[in-house]
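S.K.: Need the 3D shape of this:
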Amino acid sequence: MSKKLRVAVVFGGVSSEYEVSLMSATSVIQNIPQDRYEVVCIGITKSGRWLFYPGPVEEIATGKWKDHPDCCPAIISPDRMHHGIIKIMQDGSTSLLKLDCVFPVLHGKNGEDGTIQGLFALSGIPFVGCDTLSSAVCMDKAMTHTIMDNAGIKNAKWNYMLAFQLPQLDEFCTRVIDQLGFPIFVKPANAGSSVGITKATDYQSLRDGIKLAFTHDKKIVVEEMIVGKEVECAVLGNETPQASIPGEIISCNDFYDYEAKYIADSKLQIPADLDEDTTNRLREIAVKAYKAWGCSGMARVDFFVTDQNEIYLNEPNTLPGFTSISMYPKMWEATGLPYGELLSQLIELAIERA
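M.R.: Down below sits the predicted model:
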């Protein structure tokens with residue numbers, strides 16, 4: 001019998017999406033095939049402490065995990081000779097735990113923006129998901145728009161603003177109203193799960209939305225509103241990525257914000273209500289964009305599809321949700337790849353790339 005691979009699932013993090021990460025990690029840990037992988041858990045608190053967590057999986061989602069008496073400080077060593085985590089015991093002694101792979105189940109800043117991916121790259125430990133550059137590119141909405149424009153991929157008209165330009169806020173508002181019209185979506189450039197997003201319908205709500213977005217990031221993006229179905233597609237692979245059957249979000253709110261995603265009763269429809277030609281084009285565009293951004297491992301690519309079957313790419317998500325209701329695993333399941341096998345493939349892709 002072959003030896004199990006030791007996989008560290010990293011969750012939590014200094015991010016507005018801390019709670020979502022706990023839910024995703026719980027689901028991932030419960031579904032990783034236990035006959036193939038030995039799972040170790042590393043939690044990062046909201047204040048940035050790294051803790052080895054040996055307790056019940058169920059206490060991760062509740063947030064109680066960090067108070068477990070057997071938690072101990074643990075850090076991923078950047079020293080490639082270690083190839084693992086260093087645990088710091090209560091008496092001050094240290095213990096090295098070697099790893100075969102890291103599965104970062106982290107969302108938002110410090111988790112999918114390339115920062116922690118850089119640490120994994122230094123450590124020499126294979127890790128699930130996109131590399132440092134593509135993670136950073138896909139996290140920054142201004143960068144993703146720039147690359148889409150350059151690759152000839154249709155997306156919403158957009159503009160951006162940096163925090164130091166706030167004294168020119170009124171001039172910026174006037175300019176983007178002329179460029180985009182109303183409604184205008186205002187977003188932090190580097191945040192996920194629709195945190196800090198405003199749908200501005202007049203001058204005052206635009207100003208307020210920009211100020212709100214700046215509480216989450218030092219760069220904000222404004223986009224024209226595209227009226228259409230919200231459709232998502234899951235992409236998997238390294239050099240030869242594949243796209244899943246797309247799914248459709250039927251939001252219970254005005255737009256698919258944080259509450260609609262995780263709290264209220266939005267509906268997920270798989271497959272999306274699209275004709276065959278539109279479905280095939282959308283899957284092709286998802287793969288084209290994935291390659292243009294330099295992605296590897298996985299990404300969820302989000303679209304708008306108008307009544308005229310025009311396809312507008314909205315944004316990527318390089319570490320999509322893995323909760324029980326998340327679209328990424330559900331779309332692959334509908335395409336014929338069960339959850340557990342999907343997790344195995346992601347780990348294998350990480351090792352293959354390394």
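S.K.: And the strands in the stretch 251-354 of the chain?
M.R.: 267-269, 297-305, 311-317 (DSSP state E, counting those that start in this stretch).
S.K.: least reliable of those going by mean pLDDT?
M.R.: For the strands of the stretch 251-354 of the chain, mean pLDDT drops lowest on strand 267-269, to a mean of 90.
S.K.: Now do that one: which elements does it pack against?
M.R.: Strand 267-269 makes packing contacts with strand 247-250 when contacts are defined by 3 or more CB pairs under 8 Å, 6 or more residues apart in numbering; DSSP states H and E. From N, CA and C alone the C-beta is placed, and that goes for glycine too.
S.K.: Poorly predicted segments of this protein, please.
M.R.: 1-2, 192-194, 252-266 (pLDDT under 70).
S.K.: Let me know the outermost residue of it.
M.R.: If you look at how far each residue of the chain sits from its centre, by CA atoms, centre = their mean, the farthest one is D91, at 37.6 Å.
S.K.: one step back: hey, which of the strands of the stretch 251-354 of the chain is tucked in deepest?
M.R.: strand 297-305 (a mean of 24; mean count of other CB atoms under 10 Å).
S.K.: what lines up beside that one in the sheet?
M.R.: strand 229-237 (antiparallel), strand 311-317 (antiparallel) (DSSP bridges).
S.K.: Kindly reformat those strands as CSV containing distance to N155.
M.R.: Shown next, in CSV, are the strands paired with strand 297-305 (distance: least, CB to CB, whole Å):
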stretch, distance to N155
strand 229-237, 14
strand 311-317, 5
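S.K.: and C138, which of these is closest to it?
M.R.: Nearest of those to C138, taken as CB to CB: strand 311-317 at 4.4 Å.
S.K.: what residues does the closest one touch?
M.R.: For strand 311-317, contacts defined as CB atoms under 8 Å, 6 or more residues apart in numbering pick out 112, 138, 141, 144, 148, 153-156, 192, 226, 228, 230, 278, 281-282, 285, 289-290, 293, 295, 299-306.
S.K.: The same query, at a cut-off of 6 Å, please.
M.R.: For strand 311-317, contacts defined as CB atoms under 6 Å, 6 or more residues apart in numbering pick out 138, 144, 148, 153-155, 226, 282, 289, 299-305.
S.K.: and the residue most central in space within the chain, what are its phi and psi?
M.R.: By CA atoms, centre = their mean, the chain has its centre lying nearest to L319, at 3.1 Å. Main-chain dihedrals, L319, degrees, to the nearest 10: phi -130, psi 80.
S.K.: Now do the contacts for it.
M.R.: 107, 112, 129.
S.K.: The nearest residue to D302 once chain neighbours are set aside and I153, how far apart?
M.R.: Spatially, and ignoring its direct neighbours in sequence, D302 is nearest to N314 (4.3 Å; CB to CB, 6 or more residues apart in numbering). N314 is 11 Å from I153, where distance means CB to CB, to the nearest Å.
S.K.: What strand or helix carries A213?
M.R.: A213 is part of helix 203-214 when elements are defined by DSSP states H and E.
S.K.: Spit out the contact partners of K154.
M.R.: Y312.
S.K.: And it, how far from A272?
M.R.: For K154 relative to A272 (CB to CB), the value is 18 Å.
S.K.: helices or strands next to the strand or helix carrying V102 in the packing?
M.R.: Using DSSP H and E, V102 sits in strand 101-105. For strand 101-105, the elements it packs on are strand 5-12, helix 18-31, judged by 3 or more CB pairs under 6 Å, 6 or more residues apart in numbering; DSSP states H and E.
S.K.: try 10 Å this time
M.R.: strand 5-12, helix 18-31, strand 37-44, helix 115-123, helix 339-353 (3 or more CB pairs under 10 Å, 6 or more residues apart in numbering; DSSP states H and E).
S.K.: quick one, helices of the stretch 151-300 of the chain?
M.R.: 169-180, 203-214, 258-262, 276-292 (DSSP state H, counting those that start in this stretch).
S.K.: hang on, the earlier thing: please name whichever of the strands of the stretch 251-354 of the chain is nearest to I116.
M.R.: I116 sits nearest to strand 297-305 of all those, at 14.0 Å, using CB to CB.
S.K.: My read is that F182 contacts V222, right?
M.R.: No: using CB atoms under 10 Å as the test, F182 is too far from V222 to be in contact (11.1 Å).
S.K.: Strands along the stretch 51-200 of the chain, start to end?
M.R.: So, for the stretch 51-200 of the chain - with DSSP E, counting those that start in this stretch - the strands run 72-76, 84-88, 94-98, 101-105, 158-162, 184-188, 198-200.
S.K.: The second one: partners in the sheet, and parallel or antiparallel?
M.R.: Sheet neighbours of strand 84-88, with direction, are listed as strand 72-76 (antiparallel), strand 94-98 (antiparallel) (DSSP bridges).
S.K.: and it, how far from the chain's centre?
M.R.: Counting by CA atoms, centre = their mean, to the nearest Å, strand 84-88 is centred 26 Å from the centre of its parent chain.
S.K.: buried set for it?
M.R.: 84-87 (16 or more other CB atoms under 10 Å).
S.K.: One more: the third one?
M.R.: By neighbour count, and taking 16+ other CB under 10 Å as the criterion, the buried residues in strand 94-98 are L97.
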